[in-house]
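Colleague: Next input, structure requested:
(2 chains)
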Amino acid sequence: MLPVILILLVVSIYDLIRRPTIRRLALRNLTRRRGEAALVILGSLLGTAIITAAFIVGDTLGASVRDHARTNLGPTDEVVRAIGLGKSGEIEAALKSAPLPNTDGLLAMAAGGGSVATLGADPRAEPFVQINEVDFGAARAFGDDEGITGMAKAGQTPSGNEAVLDQNLADEVEVKAGDRIKLFAYGQERELTVRQVLETKGLAGYGSSNLFVAPGTIASFVSAATLGDALGAAGNPPSSLVLVSNKGGVFDAADFSDSVTKELNKRITDLPGAEVVEAKRELLDDADANADQFKQIFGGVGAFSVIAGVLLLVNIFVMLADERKSELGMLRAIGLKRNQLVRAFGMEGAIYALVSSVFGVLAGIGVGRVVVIFAAGLFRGDGFRGGLDLIFSLNSSSLITSFMLGATISLVTVWGTSIRLGRLNVIRAIRDIAEAPPSGRSRIRAVVFAVIGVFIGLLLLQSGINQDNWFGALAGVPIAAFSSVTLLRPLVGRRFAVILGAGAALVWGIAVFTILPSALEKTEFNAFVVQGVILVGAAVAIVATNDDLAIKVVNSLGVSRRTLAARLGFAYPLARVFRTSMLLGMYSIVVFTLTFLSVFSNLFGAQAPRFARETAAGYQVLVDSNYSNPVPSNALKEADPNVEADAVLFQAYPKWTTQDEHEPTSWQVSGFDEALLARGTPVLQDIDPKYASSRAAWEAVLHDPSLVILPDFFLQGGGPPSTTIHAGDTIRAYDTVSGKTADLKVAAKVESDFVFNGPMVSQAFHRSFFSTSTPSRHYVSFKPGADARLAAARFEGKLVNYGVQADTFEDKISEALEQQEGFLGLMRGYLALGLIIGIAGLGVVMVRAVRERRRQIGMLRAMGFPSRVVRQAFLIEAAFIAIQGIVLGTVLALVTSYNLLTHSSTFGGQSINFEIPWVPIIVVLAVALVASLAASAFPAGQASRIKPAVALRIAD
Amino acid sequence: MSPIVDARGVTKVYRTGAVEVPALHTINLSIEPGEFVAVMGPSGCGKTTLLNCLSGLDDIDDGAVMVEGADIHKMKDGDRTEHRAGRMGFIFQSFNLIPVLTAVENVELPLLLTGVKSGVARERSLNFLDRVGLSHRPKHKPNELSGGEQQRVAVARALVSEPAIVWADEPTGNLDSTMAIAVLDLLQEVNDAGQTILVVTHDDGIAAKAQRLVRMADGHIVADGLAAELLGTGNGVSAPGTRTAK
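Modeller: Alright, predicted model coming up:
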């Protein structure tokens, strides 16, 4: 990217210093009409603004997750952990057997899980609390900077029934120093007094909600009778920990993680059950992955707007050249070489590009800020990492990259257009005569390029099919089809050649997800950008080639005084096919994406009751309880006498590898028994053909410990499902406590695991294989007439000691879908920026059109055209483009989304009912049309006020 | 008979920022219906400005212009525009055709503007194209025509609605002598049919075709009389393309 910018800029800088003629031409043209130059910059800066905003959203997310390193880890870089209490000394001794390179501290701790509630009639509760026992003095001395431990003001280690809370937990249960709370863990409970509340930072924030208690407290909760169950508490069994601090600060210390972890693993080889967790490295990698993912998603959505911006820039430069055609011809006639002409244009464009990129970055910071403000509400919910506070973040490297990207796109566009414009014929330009058809030599060249294009397209298709490469599968056929237009033209004529070539590309773009499902199984968001470009490009080519039929239709309606404005309004766009195509493409691609997102964001929301039905297996309420104190079935029945039945799910949080994910990655797993299938079965898709129905597949998994039912989004962070795992494939589970592994064969898949069960295995297998298997989840059904929502509230109120969280399936799924919808809505808002480009672009083009046609307007007015007709003609012209763009974009988006939903596996196969959300679509499109006409109203008014004598007298 | 155009005390000043350039100084001029008037003078003397002000294309700073009895500068813009559409035709040196319309579409515009039915307008336009020798190129766009052909389309467009007054500003300035004669013959023909023509020109040949010649200098009318007398051609005929000494 940098070399491209530098080469183009060096040429312009050289010309600026050494070529006064080129400099004069470029600078004078630039300052000739300052108002219009400002409009060009405005139209061009939005692309850079969108890129910058995408980077800012990614940076903000990354920084917000990375901030957990400061708030939740501080000096802690690695954790050596063993389930069971009293093992810290043994671990510490092993680690200290020789000096540990690149570390500056070890800290022994004991930890467990529990839930906390306030006292009184209406208690506030936090169901998932980390209980810590640590020596506060040692904690302050941990690492080389007391400031990052978060314990500087923590005072003495708690004793007796004292509790020290971090601010998160204190806020959650609304307590302060001196208040009394009740701690529930491992079947026991105890009242504690809050001694102090610490800022959530460093060790004080270790875990999500922290409670520091006196040493020995956890052991006192775990009686001999409950020890076995406690050790099995999924997620948070009583554990012995030794925290390790690497040399360096909060963030840079993670650089030593690889070598330190290797050394730690060597030292604990003789300690069974002990494992090393690269806590900070994992967190920072996770942060970077999240940042990249969001940069990709927002960048991908923004790419549509950037493409619209590029088309606008091309259009503006073609208009500039058309307007100056005779001047340019004259300059060539008096001796300006072609390359000098190109360089003069290039310099003018370079200045536009650089100025607009600078302003684009500034505008992008503002746009990014707005997106982050809206996104903050979505991230605060439970869906993303259990709630995340966004910290607005600006990285200078991102701003520089955005500037470079924006400038490169603009510069390449401007130079490409300039080279095309430089090819003008001197005489034809001076006399304003139509360009001649291509000569024999250029025809041969075009044929050669076309043959190469067809060949490359077919090669791409082959690689797409053979190597499951989405780009090849998607773009191969369209590239070949577009290239074939040149070859078909002599045989069937221009119109049919375009219809055949672009038509083939269009059909392929719509149907490719059905034709080559396996090649497009692992798509990135960019695939949809490419698909959008193919569809819109093909459709615009077909429409623009056949637009002349529109004038025939208009003429067939009869030409009269009343239709004169329409005739003029249609005549200009029909006569300037290239420019019209650029405008139409710009407009259509934005409308396409907006409609596409509208369809999807509304589809999911409408499906909540059905998803709930298909997930709930005939039950009504989902109950989760604390891993360290799981709620038993009888407690549920006692809490609400209307409980009719419940199915218990055992849960654990092991690691997994698959054919897509080779690094062991943690993901929840649930074990079910016959009870889950007693009232119905959760709906499955992609069922192994061995099983005749969903029920048969569930029954098979229930009785065969080597089988598993897998969710669609397994081991995936976000975006559309991109797994290649199907029924019949095998995945591997790792129990990190015992070190055992198990290969499990996929019997079927669950479409959307809204309740986050993870892979489903038989309960028998779950309990025997996973060391931390815990019965912490229940599906509950009630007697007829009972109010499930009320029962869920009753469970939460009465079963505080188990840390119960209960929701109806429909509420739970609606909440998840709302968040999904929220993201799609956010993206739609972000994409609306592209619509601004489209609307502003249309306005800019119209302003330039008025300038370009000044003399013609003068003549029309001299002939007696009322100013009203001139204004109407301009508005009709703008409406003609806008309506065509709206119709094209909308139809393509509806056809594509219908096809994706009903005929491809990308969005869950046939399981989502396709419905057109007319209201939001019509609102968006009406706003687009009205705004476009409003943007064109000013230039149209300007045109209507042109004084004929002035326009005829002064060309400029 | 009352004059078709009667200008009294017409003054026009061009203003560019703080700079004022007087273009017409209290011009008085009457043109009778059916007259063929040529306006001559050196460049910058105000000929085109006079045409623009008399036809109502441009505003004036003082005075009045009565066209067919109506004060054209007191009319609202819409009325003035309507008046132009119905009663006037214009020919300019640079043809000012609408580039996105074909030859016949350009010619029929004034007819459609005045409410003539499209079929009739098309037929009359094709007839006029035939009269200017372009019956074979009705569907060509301006940039597919030569300069002479474009000007003939412009002439056809100005004359097709048979306006009462034809205003022509250097109508043969871009044409060769043969083409110029053809255009002049056409103007002569419509003048013979009773239409009034005012033509701004440098060309003695064109001026010689006129009955009356108005000479201008520095925004003033310095001579106004029979063309033949003022040109000193006797029989009033000289070849188009010859110019008077400035």
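
Colleague: Tell me how many other residues surround A:D135.
Modeller: Using other CB atoms under 10 Å in any protein chain shown, the number of residues around A:D135 comes to 15. Quick note: C-beta positions are derived from backbone N, CA and C, even for glycine.

Colleague: That one: what's it in contact with?
Modeller: By CB atoms under 8 Å, 6 or more residues apart in numbering or on different chains, the contact list for A:D135 reads A:A108, A:T157, A:P215.

Colleague: how close does it sit to A:A214?
Modeller: From A:D135 over to A:A214 the distance is 11 Å, taken as CB to CB, to the nearest Å.

Colleague: shared neighbours of those two, anything?
Modeller: Contacts common to A:D135 and A:A214, judged by CB under 8 Å, 6+ apart, are A:T157.

Colleague: What does B:Q93 show for phi and psi?
Modeller: The main-chain torsion angles of B:Q93 are listed as degrees, to the nearest 10 and equal phi -60, psi -50.

Colleague: Got the confidence number for it?
Modeller: According to the model's per-residue confidence, B:Q93 sits at a pLDDT of 82.

Colleague: wait, what's in contact with it?
Modeller: By CB under 8 Å, 6+ apart, the contact set of B:Q93 is B:D169, B:E170, B:P171, B:G173, B:N174.

Colleague: And what about the fourth one, helix, strand or coil?
Modeller: The three-state assignment at B:G173 reads coil, by DSSP: H, G, I helix; E, B strand; the rest coil.

Colleague: where's the nearest residue to it once chain neighbours are set aside relative to B:M216, distance?
Modeller: If the residues on either side of it in the chain are set aside, B:G173 comes closest to B:Q93, at 4.0 Å by CB to CB, 6 or more residues apart in numbering or on different chains. From B:Q93 across to B:M216, the span is 17 Å (CB to CB).

Colleague: same deal with A:F136?
Modeller: 104 Å.

Colleague: The two: which is more packed in?
Modeller: B:M216 (22 against 18).

Colleague: Tell me how far the helix or strand hosting that one lies from the chain's centre.
Modeller: Following DSSP states H and E, one finds B:M216 within strand B:212-217. Average the C-alpha atoms of strand B:212-217, do the same for its chain, and the two points are 15 Å apart (CA atoms, centre = their mean, to the nearest Å).

Colleague: so what pLDDT did A:Y779 get?
Modeller: pLDDT, the model's per-residue confidence, is 95 for A:Y779.

Colleague: Just give me the neighbour total for the closest residue to it other than its chain neighbours.
Modeller: In space, A:Y779 comes closest to A:Y619 once its chain neighbours are excluded; the distance is 3.8 Å by CB to CB, 6+ apart. The burial metric for A:Y619, expressed as a neighbour count using other CB under 10 Å, is 26.

Colleague: returning to that earlier point: can you list the helices and strands that the helix or strand following the strand holding B:M216 packs against?
Modeller: Beyond strand B:212-217 on the C-terminal side, the first helix or strand identified by DSSP H and E is strand B:220-226. Under the contact criterion of 3 or more CB pairs under 8 Å, 6 or more residues apart in numbering or on different chains; DSSP states H and E, the helices and strands touching strand B:220-226 comprise strand B:19-31, strand B:212-217.

Colleague: hang on, the earlier thing: so who does the residue nearest to A:Y779 touch?
Modeller: The contact partners of A:Y619, by CB under 8 Å, 6+ apart, come to A:A645, A:D646, A:A647, A:R679, A:Y779, A:V780, A:S781, A:F809.

Colleague: Now that B:R131 has come up, it's in contact with B:A156, right?
Modeller: Yes. The pair B:R131 and B:A156 qualifies as a contact (CB atoms under 8 Å) at a distance of 7.0 Å.

Colleague: These two: which has the busier surroundings?
Modeller: Remark: of B:R131 and B:A156, B:A156 carries more neighbours, 28 against 17, as counted by other CB under 10 Å.

Colleague: isn't that one right next to B:S135, touching?
Modeller: No. Contact criterion CB under 8 Å: B:A156 and B:S135 do not qualify, at 10.7 Å.

Colleague: and for these two, which residues touch both?
Modeller: By CB under 8 Å, 6+ apart, B:A156 and B:S135 have these common neighbours: B:L129.

Colleague: Tell me which helix or strand comes right after the helix or strand harbouring A:L341.
Modeller: Here A:L341 is covered by helix A:338-380, with elements defined by DSSP H and E. Elements were assigned by DSSP H and E; along the chain past helix A:338-380, the next helix or strand is helix A:396-421.

Colleague: any chance of the contacts of B:Q93 in CSV, with neighbour count and pLDDT too?
Modeller: Conversion of these to CSV gives the following (neighbours: other CB atoms under 10 Å in any protein chain shown; pLDDT from 0 to 100):
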residue, neighbour count, pLDDT
B:D169, 23, 90
B:E170, 20, 88
B:P171, 29, 87
B:G173, 16, 79
B:N174, 16, 75
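
Colleague: Nearest to A:W656 among those residues?
Modeller: Distance ranking of these against A:W656, using CB to CB, places B:N174 first at 82.2 Å.

Colleague: Quickly note the distance from the closest residue to that closest one other than its chain neighbours to B:T172.
Modeller: The spatial neighbour of B:N174 that comes closest, neighbours along the chain excluded (CB to CB, 6+ apart), is B:G147 at 5.3 Å. Counting by CB to CB, the separation of B:G147 from B:T172 is 11 Å.

Colleague: higher neighbour count, those two?
Modeller: A count of neighbours by other CB under 10 Å puts B:T172 above the other of B:G147 and B:T172, at 28 against 15.

Colleague: Write out the residues of chain B neighbouring chain A.
Modeller: With CB under 8 Å from any CB of the partner chain as the criterion, chain B comes near chain A at residues B:48, B:52, B:55, B:57-59, B:77-78, B:81-86, B:88, B:90, B:92, B:94, B:96-101, B:105, B:108-110, B:112-115, B:117-118, B:121, B:141, B:143-144, B:147, B:157.

Colleague: out of the helices and strands packed on strand B:220-226, deepest packed?
Modeller: Of all those, strand B:212-217 carries the top mean neighbour count, a mean of 21, counting by mean count of other CB atoms under 10 Å in any protein chain shown.

Colleague: For chain B, what's its nearest residue on the stretch 701-850 of chain A.
Modeller: A:A849 (11.3 Å; CB to the nearest CB).

Colleague: counting contacts, what elements does the helix or strand containing that residue pack onto?
Modeller: Mapping A:A849 onto the secondary structure by DSSP H and E places it in helix A:809-852. Under the contact definition 3+ CB pairs under 8 Å, 6+ apart, helix A:809-852 sits against helix A:34-68, helix A:279-323, helix A:338-380, helix A:577-606, helix A:608-616, strand A:621-624, helix A:867-903, helix A:918-944.

Colleague: Give the burial count for residue 15, as a bare number.
Modeller: Using chain A. As a burial measure, the neighbour count of A:D15 was computed by other CB under 10 Å and equals 21.

Colleague: my bad, the chain I had in mind was chain B
Modeller: B:R15 has 9 neighbours, counted by other CB under 10 Å.
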